[in-house]
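A.B. asks: Pasting the sequence and the predicted coordinates here, then a few questions.
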Amino acid sequence: MIRKNPCILCGACCAYFRVSFYWGEAELEMGGSVPKELTEDVTPFYRCMAGTNKKDPRCIALEGVIGKNTFCTIYADRSSSCREFGVQWDNGVLHLSNDDIKRCNKARKAWGLPPLNIRVTNFDYSRPVMHHEPHMKTKLRLARKKRHGRTNIGDNSAA
C-alpha cells in the first residue's frame, strides 16, 4: 500500500531556514553528494546551501513558487539536513518528529500558509501479560524478600 507523503511540497522550509550540514557532504572525494558549487562556508566545519545564510533565505536548489508546487533540483543529492527534516514516509514507515512539525509550521506561517496537521492514530503499546508471569520468581523478587527477613519463598515465619 502506497501512502501519500505528508509533506505537501510547499517549499516553505527551504525558503525559511538555513540549510547547514557537515562540510564533507559537499566533498566528492569524501563520499559527499551535495554539489559544492551550490554551497557556501558557514564555519570551518559546516557549509550551507547557497541562498540560505541570509535574512530572507531561499535555497538555490529550490524551484517553483512557495506554497504551490515546488521541487528540489538536487533532490537525489540533497544534504543530510534535508533528508532528515520533516515528516515523511520511508519504506512504509512514517518518520514523525514533533519538533520538525513545529518548525515546518513556523516556516509555513511565515509564508502565510495554514499549518500542516498530522493526525497519528493512537495505538495501545501496552504489552500483554503472559500467563506464567504472576507465578514467576525472579532473582530481584527473591533478593527483596531476603532483605525484609524472609529467606525462603514459602516461609512466612521469619516475616
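C.D. replies: Alright, I've got the coordinates.
A.B. asks: So which residues of this structure form helices?
C.D. replies: 80-84, 98-110, 139-147 (DSSP state H).
A.B. asks: Out of the ones you listed, which gets the lowest mean score?
C.D. replies: Among these, helix 139-147 has the lowest mean pLDDT, at a mean of 60.
A.B. asks: in stretch 32-39, what counts as buried?
C.D. replies: G32, V34, P35, L38, T39 (16 or more other C-beta atoms under 10 Å). (Each C-beta comes from the backbone N, C-alpha and C, glycine too.)
A.B. asks: and which of those residues is nearest A12?
C.D. replies: L38 (19.7 Å; C-beta to C-beta).
A.B. asks: isn't that closest one right up against A61?
C.D. replies: Yes. Using C-beta atoms under 8 Å, L38 makes contact with A61 at a distance of 5.9 Å.
A.B. asks: Can you check the pLDDT for F45?
C.D. replies: 94.
A.B. asks: Same question for L9.
C.D. replies: Here, the pLDDT recorded for L9 equals 81.
A.B. asks: Please determine how far L113 is located from A61.
C.D. replies: For L113, the distance to A61 (C-beta to C-beta, to the nearest Å) stands at 20 Å.
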